[in-house]
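*Asks:* coords please:
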Amino acid sequence: GVAGALRNACRDCRDHVHWLLHDVDVLRHILYPLTGPEELEPEERVGMDPELWMEGPDKVREPDHLTRLYLVEAVLLLLAGGLAARNFIRKRRAYVILKMMDMAEEEDDVSEGVNECVQYLRRDENGRADGSSDRDVEGMVGKSLAGASSGAAKVVRGTTDDYDDVD
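*Replies:* As a prediction, this is how the structure comes out:
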């Protein structure tokens, strides 16, 4: 459904990642279903969208395993959008949401996706070759999406299907 559409919108987003993060504010829409009832410390909320922590103990995390997986993959795809995208995602405190989610996560594939996201959010990118983190993220995204255990149809990177040209 919608989570799969969000994930697919984030694929190959390097050209429009700024638009997705700033104008569409897609990160808030991706993280909202991943938030749960956990109480956040005031310093953890700094920079975070208030919608993600205001509901408090009444908030219910998305119960569907595949939806959570697609949303985590969407975050990972946004991380592949470049250093500016990763810095924006860091400032919006996505790490805090993912960390809390991972503590409650029971599905291994979702937890592995969260771990991959956290590795890039917590990484010190100073001193790395320009673009090397981008290549690392793109490689992990490809492995993550290829290794997803769902039976759902997947969008294959690099396909040339153009349905607008169908007669």
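*Asks:* Show the residue spans covered by the helices in this structure.
*Replies:* Using DSSP state H, the helices of the chain run over 2-10, 17-18, 26-31, 42-45, 65-79, 83-91, 94-104, 108-122, 132-146.
*Asks:* What's the mean pLDDT across the second one?
*Replies:* Put plainly, it is helix 17-18. The pLDDT scores in helix 17-18 average 94.
*Asks:* likewise the third one?
*Replies:* Helix 26-31 shows a mean pLDDT of 96 in the predicted model.
*Asks:* Also the first one?
*Replies:* Averaging the model's pLDDT scores along helix 2-10 yields 93.
*Asks:* now that helix against helix 65-79, angle please.
*Replies:* Inter-element angle recorded for helix 2-10 and helix 65-79: 20 degrees (by axes from the mean of the first three to the mean of the last three Cα atoms, to 10 degrees).
*Asks:* Quick one: list the elements packing against helix 2-10.
*Replies:* helix 26-31, helix 65-79 (3 or more Cβ pairs under 8 Å, 6 or more residues apart in numbering; DSSP states H and E). To be clear about C-beta, it is placed using only N, CA and C from the backbone, and glycine gets the same treatment.
*Asks:* so what's residue 39 up against?
*Replies:* When contacts are counted by Cβ atoms under 8 Å, 6 or more residues apart in numbering, residue 39 touches 56, 57.
*Asks:* Please tell me how far it sits from residue 78.
*Replies:* Distance from residue 39 to residue 78, counting by Cβ to Cβ, to the nearest Å: 26 Å.
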